[in-house]
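> output the structure for:
(2 chains)
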Amino acid sequence: MAVTLLTAVSYAVIAFAVAFLLLYALRHYVLGYSRLRIDRPRDSMELAGFYMPRVTVLIPMHNEERVAGDILQALVDSDYDWEKLEVIPINDRSTDRTREIVNDFAKRYPFIQPLHRAGGQAGKPAALVDACTHATGEILVLFDADYVPGRAVIKMLVAPFADPEVGASMGRVVPHNIGESLLSGLLSLERSAGYQGVQQSRFNLGFTAQFGGTVGAVRAAALESVGGWNPESLTEDTDLTFALLLNGWKTAYVNRAECYEEVPQSWAVRRRQLSRWVTGHTECLHNYWPDLMRSKFLTKWEKLDALFLLAMYWTAPTLVAGWAASLLLFFIPEAHQTPWLPAALAFLGYQLFANQATFLEIGVASMLDGTRVRSLLLPLNLLNFFANTGAICNALRKFYWNRFWGSGGDGWYKTHRTRGAPGNGFFNGSKDSSLTTRSATGLYHARAHGD
Amino acid sequence: MAFFLYSILFCALFYLHFSVAHRAWRMIRGRESAELDMSYVRLEDYFGQSFRSKLANWMKTLQPAAGSTAGLRVFDKGNERIFVAGGAQYPAGRREREILVIEGDFTCGRDCEFEKELMVKGNCAIGEDTQLQALAVDGTLHVGQGSRVRRWVDAVKQLTIGQDAVVNSRATSRTSIELLPGAQALSLFAPEVFTEGRHENELQIEVAPPVIVQLPHPDRTTAAAHGYDPAKLYSMGANTYLYDGDLHLTAPLHLRAPFVVRGDFSCPKESLLEADVKAHGSAAIGAASVVKGNIVAGGDITLKPNTYFQGLLHAGGAMRLSRGVRGLRDKLPVAAYGAGVVTLESNVVVNGKVASAQRVVALSTPVAWLESTRIPAMRA
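Residues are numbered from 1 along each chain as shown, chains lettered A, B, ... in the order given. Okay, the predicted model is just below:
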């Protein structure tokens, strides 16, 4: 009796897993195929430079002496009109030389207006809440401190706001440390698929892009109208995407607004980063899905797309449950007497569709980016896939455990930086700004290397 | 035996699968990404500027080849040659295979063909039905009727694109661009882009139209009138409003706040739009209207005659700027972009950029002909 029940449950789990993953597989195929099919992606690049509202750039910083000089110099080099530009580096209780670096830039460039936080709630969302009370721009542009924007990025991020329906815009991040470790190489594939593939494709199809909290911009009035940043959220960016969407605002994606970032180089850092994303994202799922389904501003396709986006981390435990059920069936002799077809189909289902679909997406993005050599890493992405699956399942387990017992989860966690070193570049005694851009990062002469 | 063979085959495939990946990893190991050009800045006249700069560099670094004379200097650059001459006049039908630099004025007769770039430091007139690769001119430039430029044209002074002439890429000028009927380009950028028959508009604006629809009008209890149904209006916050459905107004509109229409949008003549408008479908603005904000549409955009716009126009479909349309504002140039064909009727003036993902084409209309003959002095 127990064995029969176990067999039935296993089949049910497999059926659910296959159905659930098949939906996601279908989504990946549609997005991948449509990305390849559309000759000219939807964008507002032709308007870049013709729409120039007042802009405030917000850069949350906590102990960022290794990278602060690079981003501030990159913003000084930006081609956005200085008269319409305000840069607020938010020094959030740094104990290193961040304050000194920021103040030095502020002395030389009047549009840099630092905000030094000495108290209050810790973390990026809380820092942004504080900074917004000082910002004077119509559009708020956000960068993490380890990002290095190109000269034209602000103009590109601002251009979509000519559309009154756009509440936020999102640019593209490109890892620069692709060769530092196998993980960073694999993450560069993942980023490529996420931005060049999924974000652009969803935007082409008329869905809202996901605001990523960095290399992005938000309309100050729209932000205020949805209650500002959520300081309690671990992913204030995803939270804002859906808060805006519920009020009819769209997030535009600007693939050409590219910015270098540093991706995790060790699996431990990656696991913690992923854990924060999973927790914040799943929190948003629980906070927003009922309102999204009722929203009068969204079509049924937009609702479906939003739901897919919110529930995406559920695919990992579903997959693991499917594997466990298959394994169980393998060891139950009675199960072998049942027709073999369902089990085989189940196996084929998520091997051929679920796994292959995401790999296909990476392939599509690599093809569009022209990163031929890097795309050959694709077979090794299995490592990343298994590591991600484990980390996501663990994070979800913790999330639901805490939710069930009403205990607090992990706090906001800053991803570890490896770029640069104290004392390098501009603050190495030289006042020559050209040296700043050629500091420890090597970013500004990275073109000597090919991919 | 079969099992043994299968195992070998499996191992071989497994090895091949990962060895390729491993080799790729060894190639990129220790490197940084080189994908981004951090100093990239978008310049509308990039092609012209870039070519001039490269040419100046070649002139500095290359030595004149044997066979150069005082009147004609020749430079070898890899497989290409650069001819540098003073002024020149090419007869009809001449074919030029090399890069040509003219340091004075240049004219060519009809049916000429230039396989490589042409740089003219004086004024330049291109004969009818001539084929060109790309053209940079420091003076005025006239591209003759029916001529075809495979890539771009850039002029420092006035650029005239003749009747039925085609520029496959960008046309830019630091002074002005005139498009004669049938002329086409992918993108046009100049302090002033205009079509034939240009003259000052004779706007017939009634000082106070009998009825004006003022939007936003968030009172949802107000009765529907003039094509506007208050029950379809929602606030998005931030003083921005969304209208859920098509909106075709029958009385002039005075728009005071950003407005999103989830459908087609049209307003009648003499409307005043002081804020941005987005239509998920098409947008049509009535004649003699004033548009101070931006207009964005998922479909087509039409500006009816004598409309004046000060912002940006962005159409997911085609765009039509009717005769007498003016686009200008203080400090910044305006821009009009359509993913479909952008049609400019006669007497259209845009101070800035007009671009399309397909083509921008000037239209010849009987009205244009009438206007240009009526006021010949204005055209001159």
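
> where does the residue lying closest to B:Leu72 once chain neighbours are set aside fall, phi/psi-wise?
With sequence-adjacent residues excluded and distances taken as Cβ to Cβ, 6 or more residues apart in numbering or on different chains, B:Leu72 is closest to B:Ala85, at 5.1 Å. For the C-beta atoms, the positions are set from N, CA and C on the backbone; glycine is no exception. Dihedral pair for B:Ala85: phi -130, psi 170, per degrees, to the nearest 10.

> hang on, B:Ala85 packs against B:Ser68?
No. The pair B:Ala85 / B:Ser68 is not scored as a contact, 10.7 Å apart, by Cβ atoms under 8 Å.

> ranges for the helices of the stretch 51-200 of chain A?
Using DSSP state H, counting those that start in this stretch, the helices of the stretch 51-200 of chain A run over residues A:68-76, A:98-108, A:124-132, A:153-158, A:182-192, A:200-204.

> which ones are touching B:Phe106?
Neighbouring residues of B:Phe106 by Cβ atoms under 8 Å, 6 or more residues apart in numbering or on different chains: B:87-90, B:118, B:120, B:122-125.

> about what we covered before: quick one: which of the helices of the stretch 51-200 of chain A is nearest chain B?
Nearest to chain B among the helices of the stretch 51-200 of chain A is helix A:182-192; the distance by Cβ to the nearest Cβ comes to 6.0 Å.

> so what touches that closest one?
A:173-175, A:177-179, A:263-267, A:270, A:362, A:365-366, A:369, A:371, A:374-375, A:377-378, A:380-381, A:383-384, B:25, B:28-29, B:33.

> show me what residue of chain B gets nearest to chain A.
Using Cβ to the nearest Cβ, B:Gly237 is the residue of chain B that sits closest to chain A, at 2.7 Å.

> pLDDT below threshold where in chain B?
Along chain B, the model assigns pLDDT under 70 to residues B:34-35, B:70, B:201-211, B:217-223, B:365-380.

> still on that earlier bit, sitting in helices, which of the contacts of helix A:182-192 do you find?
Among the contacts of helix A:182-192, the subset assigned to helices under DSSP state H consists of A:267, A:270, A:362, A:365-366, A:369, A:374-375, A:381, A:383-384, B:25, B:28.

> show me which of those residues are buried.
Neighbour-count burial (16 or more other Cβ atoms under 10 Å in any protein chain shown) applied to the ones in helices among the contacts of helix A:182-192 gives A:267, A:270, A:362, A:365-366, A:369, A:374-375, A:381, A:384, B:25, B:28.

> give me phi/psi at A:Gly390?
The phi/psi pair for A:Gly390 (degrees, to the nearest 10) reads phi -60, psi -50.

> how much space separates it from chain B?
A:Gly390 is 21 Å from chain B, where distance means Cβ to the nearest Cβ, to the nearest Å.

> check contacts around that residue.
Applying Cβ under 8 Å, 6+ apart, no residues qualify as near A:Gly390.

> state the distance from it to A:Ala17.
The gap separating A:Gly390 from A:Ala17 is 17 Å, by Cβ to Cβ, to the nearest Å.

> helix/strand/coil for A:Thr251?
Using DSSP: H, G, I helix; E, B strand; the rest coil, the three-state assignment for A:Thr251 comes out as strand.

> can you give me the neighbour number for it?
When neighbours are defined as other Cβ atoms under 10 Å in any protein chain shown, A:Thr251 has 28 of them.

> mind listing what it touches?
A:166-170, A:208-211, A:241, A:244-245.

> in the sheet, who's paired with it?
A:Ala168 (DSSP bridges).

> pLDDT value on it, please?
At A:Thr251 the predicted local confidence, pLDDT, stands at 95.

> and the longest strand seen in chain B, how far out from the chain middle?
Using DSSP state E to define each element, chain B has its longest strand at strand B:349-362. Centroid separation for strand B:349-362 versus its chain: 4 Å, with Cα atoms, centre = their mean, to the nearest Å.

> ok, the closest residue to chain B within the stretch 151-300 of chain A to A:Asn91 distance?
Using Cβ to the nearest Cβ, the closest approach of the stretch 151-300 of chain A to chain B is made by A:Ser225 at 2.7 Å. According to Cβ to Cβ, A:Ser225 stands 28 Å off from A:Asn91.

> higher neighbour count, those two?
A:Asn91 (26 against 20).

> can you name the residues that contact A:Val254?
A:43-45, A:156-157, A:159-160, A:169-172.
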